[in-house]
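K.L.:
Next input, structure requested:
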Amino acid sequence: MLHSASLIRTVRDTLDRYPNITDIVLDPVMVATSGDPLLMTDAITSLTDLLIPKARVITPNIPEAEILIGHSIGPRDYIADIARELHELFPDTAIYLKGGHRNDGIITDILIDGTEEILFTAPHIDTVNTHGTGCTLSSAIAANLAKGESLGQACRHAHDYVHQAIRHGAGRTIGHGHGPVHHFFRHW
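P.N.:
Numbers count the residues shown, from 1 in each chain. Here you go, the predicted model:
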């Protein structure tokens with residue numbers, strides 16, 4: 001989580017020293033599950049101007065997309081239209097828009113990279129154990145890209161992994177409030 005403009009500039013300056021690194025996956029962590037803002041106001045401009053253009057793909061959720069596009073998103077707004085609007089703002093960066101904040105029985109995410117649009121769907125799982133889903137998704141995309149997968153494949157495999165991690169962690173009780181997904185479901 002990059003909460004301040006100075007921290008964002010430091011990350012940008014570090015990335016500038018490594019121009020051959022191109023598979024940057026950025027989860028623009030801007031809003032907590034509670035709805036509380038996680039970025040200082042000046043950090044949003046730094047994020048959009050300095051860091052997002054360096055990313056190969058960004059993975060905002062609906063509340064973060066609202067901040068990036070500067071207006072609210074209604075429950076009936078089509079997710080592809082929102083992703084296209086984001087892609088118009090950041091034409092050199094692919095958009096993986098997470099639709100998990102909408103609960104209509106099916107969770108729909110979308111990847112738009114300028115050449116194709118890929119929808120990813122999964123049935124909604126009724127659980128409070130969703131803490132870390134955004135970070136897990138972006139990390140899984142990055143790991144899959146590092147394995148040499150195409151962006152579409154990396155996102156498909158990451159989407160499927162997160163869905164299974166939620167499914168396998170749904171019935172567990174760990175602490176209070178939003179519990180974690182089960183990252184190690186393949187092993188135990």
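K.L.:
what comes into contact with the least confident helix or strand in the chain by mean pLDDT?
P.N.:
When the helices and strands of the chain are scored by mean pLDDT, DSSP states H and E, helix 41-46 comes last with a mean of 86. By CB atoms under 8 Å, 6 or more residues apart in numbering, the residues outside helix 41-46 that reach it are 2, 3, 4, 5, 7, 8, 9, 30, 67. To be clear about C-beta, it is placed using only N, CA and C from the backbone, and glycine gets the same treatment.
K.L.:
what's the distance between the following helix or strand past it and the middle of its chain?
P.N.:
Sequence-wise, the next helix or strand downstream of helix 41-46 (DSSP states H and E) is strand 57-58. The gap between where strand 57-58 is centred and where its chain is centred comes out at 7 Å by CA atoms, centre = their mean, to the nearest Å.
K.L.:
and strand 57-58, what's its mean pLDDT?
P.N.:
Taken as a whole, strand 57-58 has a mean pLDDT of 98.
K.L.:
Which residue lies nearest the spatial centre of this structure?
P.N.:
The centre of the chain sits closest to residue 59, judged by CA atoms, centre = their mean, with a distance of 2.6 Å.
K.L.:
List the residues that contact it.
P.N.:
25, 26, 27, 28, 96, 97, 98, 134, 137, 138, 141.
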